[in-house]
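>>> here is my input; please provide its structure:
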Amino acid sequence: MVEYLIITGMSGAGRSQAAATLEDLGWFVIDNMPTALIGKVAELTARPGPGTDRIALVVGRDAAQLGDLEGAVDQLRDGGARVRVLYLEASDEVLVRRFEGTRRRHPVGREGVTDAIRIEREWLRPIRELADIVVDTSETNVNQLRERLVELFTDTDAETMRVTVLSFGFKHGVPRDVDTLFDARFLPNPHWIEELRPLTGLDPPVRDWVLGQEAAKEFVERVDDLLGFLLPAYDKEAKAYLTIAVGCTGGHHRSVALVEALAARIRERGYDPAVHHRDVGH
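Got it, this is the predicted structure:
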């Protein structure tokens with residue numbers, strides 16, 4: 001079965017980097033793909049003979065290209081292909097800074113970058129609603145974006161939902177591209193214990209201290225019970241991706257230990273979650 005990944009989103013949010021990463025992962029990538037030609041690509045790949053079964057199409061330069069994207073996605077699915085839509089975005093402030101830093105002209109072509117970003121975001125609103133996964137790159141550098149995409153798209157043959165469990169620090173900002181978020185700041189903070197402060201939740205002394213708290217044990221049990229209900233329900237609705245985030249103050253101790261514990265419970269339920277500790281290096 002041919003698999004398609006539609007890459008779209010805000011200009012400056014990382015479409016080019018995403019295309020390069022997918023190419024490195026073995027996808028056949030077509031950049032700046034007009035939606036009107038997506039059907040032609042499907043016809044060519046459906047012909048007998050050697051070809052590629054993983055195709056990434058980078059879409060999104062102007063409103064004319066984006067107008068028929070929903071119809072093109074439906075056409076691919078009607079033909080029996082597996083189709084997923086990846087939407088990349090970033091905050092207005094970050095996008096302005098990126099365009100000013102590179103001195104690139106915004107493709108929308110308005111005089112001011114701020115107005116161009118606002119107009120493009122409005123154009124893309126219906127497309128964002130189509131997305132199977134949204135990745136916010138506001139606080140992500142090129143290497144971090146690559147790591148995130150490798151986590152998401154390396155095992156593309158799996159039919160089960162792709163689960164990611166993420167730890168983060170609230171003081172570094174709440175991640176925008178998550179489905180379910182838990183706040184671990186109700187637990188005592190190992191930061192105030194001198195011998196634990198330089199360590200992280202990946203180190204046994206911190207892990208054991210955090211998970212030894214009665215409140216932490218109950219948290220893991222209750223979230224595990226909730227996931228026992230949610231994961232099959234999301235699977236039934238054919239959700240392709242689920243990101244679960246746990247945050248603490250700095251993203252070093254409590255959230256890291258809890259994410260590792262939850263990931264182990266999710267594995268016991270038959271899933272293979274990707275684990276990402278966003279702020280452990282801050």
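>>> tally of neighbours for the residue nearest to V142 when sequence neighbours are not counted?
Nearest residue to V142, sequence neighbours excluded (Cβ to Cβ, 6 or more residues apart in numbering): Q17, at 5.5 Å. C-betas here are computed from N, CA, C, even on glycine. For Q17, the tally of surrounding residues (other Cβ atoms under 10 Å) stands at 18.
>>> for Q17, what are phi and psi?
phi -60, psi -40 (degrees, to the nearest 10).
>>> what sits up against the helix or strand harbouring H276?
Element membership for H276 (DSSP states H and E) is strand 274-277. The contact list for strand 274-277 (Cβ atoms under 8 Å, 6 or more residues apart in numbering) reads 147-148, 151-152, 162-167, 200-202, 251, 256, 259-260, 263.
>>> the residue nearest to V142 against Q144, yeah?
No. Contact criterion Cβ atoms under 8 Å: Q17 and Q144 do not qualify, at 10.3 Å.
>>> and the residue nearest to F153 when sequence neighbours are not counted, what's its pLDDT?
Excluding the flanking residues, the one nearest F153 by Cβ to Cβ, 6+ apart is L25, at 6.0 Å. Here the pLDDT value assigned to L25 is 88.
>>> next, count neighbours for L25.
Close neighbours of L25, defined as other Cβ under 10 Å, add up to 17.
>>> next up, the contacts around it.
149-150, 153-154.
>>> mind listing which of these are in helices?
Counting by DSSP state H, the contacts of L25 place 149-150, 153 in helices.
>>> filter these down to the buried ones and hand me the PyMOL line.
A single PyMOL command selects the buried members of the ones in helices among the contacts of L25 (16 or more other Cβ atoms under 10 Å):
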select buried, resi 149+153
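>>> closest to R54 out of the ones in helices among the contacts of L25?
The closest of those to R54 turns out to be F153 (Cβ to Cβ; 8.9 Å).
>>> where along the stretch 101-250 of the chain do the helices fall?
Remark: helices assigned in the stretch 101-250 of the chain by DSSP state H, counting those that start in this stretch are 113-130, 142-153, 204-211, 214-236.
>>> please convert those to JSON lines, extending it with mean pLDDT.
Output for these, formatted as JSON lines (pLDDT from 0 to 100):
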{"stretch": "helix 113-130", "mean pLDDT": "87"}
{"stretch": "helix 142-153", "mean pLDDT": "87"}
{"stretch": "helix 204-211", "mean pLDDT": "98"}
{"stretch": "helix 214-236", "mean pLDDT": "96"}
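>>> you'd agree T8 is in a strand?
Yes. Checked against DSSP: H, G, I helix; E, B strand; the rest coil, T8 lies within a strand.
>>> phi first, then psi, for D53.
The phi/psi pair for D53 (degrees, to the nearest 10) reads phi -110, psi 0.
>>> report how many residues lie close to it.
As a burial measure, D53 scores 16 neighbours (other Cβ under 10 Å).
>>> my guess is it meets Y4, correct?
No. Taking Cβ under 8 Å as the definition, D53 is not a contact partner of Y4, at 9.9 Å.
>>> which non-adjacent residue is nearest P273?
Nearest to P273 is V163, by Cβ to Cβ, 6+ apart, at 4.2 Å.
>>> number of residues surrounding S91?
By other Cβ under 10 Å, the residues close to S91 number 17.
>>> that one is in contact with T137, isn't it?
No. S91 is not in contact with T137 according to Cβ under 8 Å; the separation is 9.4 Å.
>>> still on that earlier bit, could I get the helices of the stretch 101-250 of the chain as a markdown table with distance to V58?
Output for these, formatted as a markdown table (distance: least, Cβ to Cβ, whole Å):
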| stretch | distance to V58 |
| --- | --- |
| helix 113-130 | 13 |
| helix 142-153 | 13 |
| helix 204-211 | 41 |
| helix 214-236 | 28 |
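>>> so which of these comes closest to L196?
Smallest distance to L196 across these (Cβ to Cβ): 5.3 Å, for helix 204-211.
>>> by contact count, what packs against the closest one?
Judged by 3 or more Cβ pairs under 8 Å, 6 or more residues apart in numbering; DSSP states H and E, the packing partners of helix 204-211 are helix 214-236, helix 254-268.
>>> what does the shortest one contact?
What that stands for is helix 254-268. Contact partners of helix 254-268, identified using Cβ under 8 Å, 6+ apart, comprise 163, 165-169, 182, 184-185, 187, 189-190, 200-202, 206-207, 210-211, 216, 219-220, 223-224, 227, 231, 244, 246-248, 273, 275, 277, 280.
>>> quickly run through the sheet partners of the strand holding H276, with directions.
strand 162-169 (parallel) (DSSP bridges).
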